[in-house]
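S.K.: just a sequence and a predicted model for now, questions to come.
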Amino acid sequence: MTEDEKRINNIDSRVSNLETKFEVYMQRQNEMATDIRELRQDMKDMQTRFDAKIDKLDAKIDGMVKHVQTLSVAAVAGVGGMFVAVGVMVGTLIYTLLTH
């Protein structure tokens, strides 16, 4: 075998090795791209679930706020009723004392 043939065989071997390495590299790149797509989809799904939970929480908080507002109005009305009752009692007492 001549020196040129040895060089050509060596170059062919190296090219073959590089092609094999490139194929392995491309397979890994494709696997990584697939993994990245899956992760992105998982993140979108998680965000959707999170948004749904936040919406439910907002609805519960709104319901609680309305309930607290109703109770506050009832408490104010109760206190006002007590003032009226005390006023009537004081007025009745004064009227009774003045008429006897």
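M.R.: Nice, thanks for sending it over.
S.K.: nearest residue to the middle of this structure?
M.R.: Most central in the chain under Cα atoms, centre = their mean is residue 50, positioned 3.4 Å from the mean C-alpha point.
S.K.: what strand or helix carries that residue?
M.R.: Assigned by DSSP states H and E, residue 50 belongs to helix 3-99.
S.K.: report the distance from that helix to the chain centre.
M.R.: Distance of helix 3-99 from the chain centroid (Cα atoms, centre = their mean, to the nearest Å) equals 1 Å.
S.K.: give the rounded mean pLDDT of it.
M.R.: The predicted model gives helix 3-99 an average pLDDT of 95.
S.K.: can you report how many residues lie near residue 81?
M.R.: 10 (other Cβ atoms under 10 Å). For the C-beta atoms, the positions are set from N, CA and C on the backbone; glycine is no exception.
S.K.: no, scratch that, I was asking about residue 58
M.R.: If you count neighbours by other Cβ under 10 Å, residue 58 ends up with 10.
S.K.: over to residue 21?
M.R.: Counted with other Cβ under 10 Å, residue 21 comes out at 10.
S.K.: then the one 4 residues further on?
M.R.: A count of nearby residues for residue 25, using other Cβ under 10 Å, gives 10.
S.K.: one more: residue 60?
M.R.: Neighbours of residue 60 (other Cβ under 10 Å): 10.
S.K.: over to residue 80?
M.R.: Neighbours of residue 80 (other Cβ under 10 Å): 10.
S.K.: ditto for residue 10
M.R.: 10.
S.K.: how far away is residue 77 from residue 89?
M.R.: Separation of residue 77 from residue 89 (Cβ to Cβ, to the nearest Å): 19 Å.
S.K.: please apply the same query to residue 52.
M.R.: Residue 52 is 56 Å from residue 89, by Cβ to Cβ.
S.K.: same thing with residue 20?
M.R.: Residue 20 is 102 Å from residue 89, by Cβ to Cβ.
S.K.: now swap in residue 26 and tell me
M.R.: 94 Å.
S.K.: also residue 32?
M.R.: From residue 32 to residue 89 the distance is 84 Å (Cβ to Cβ).
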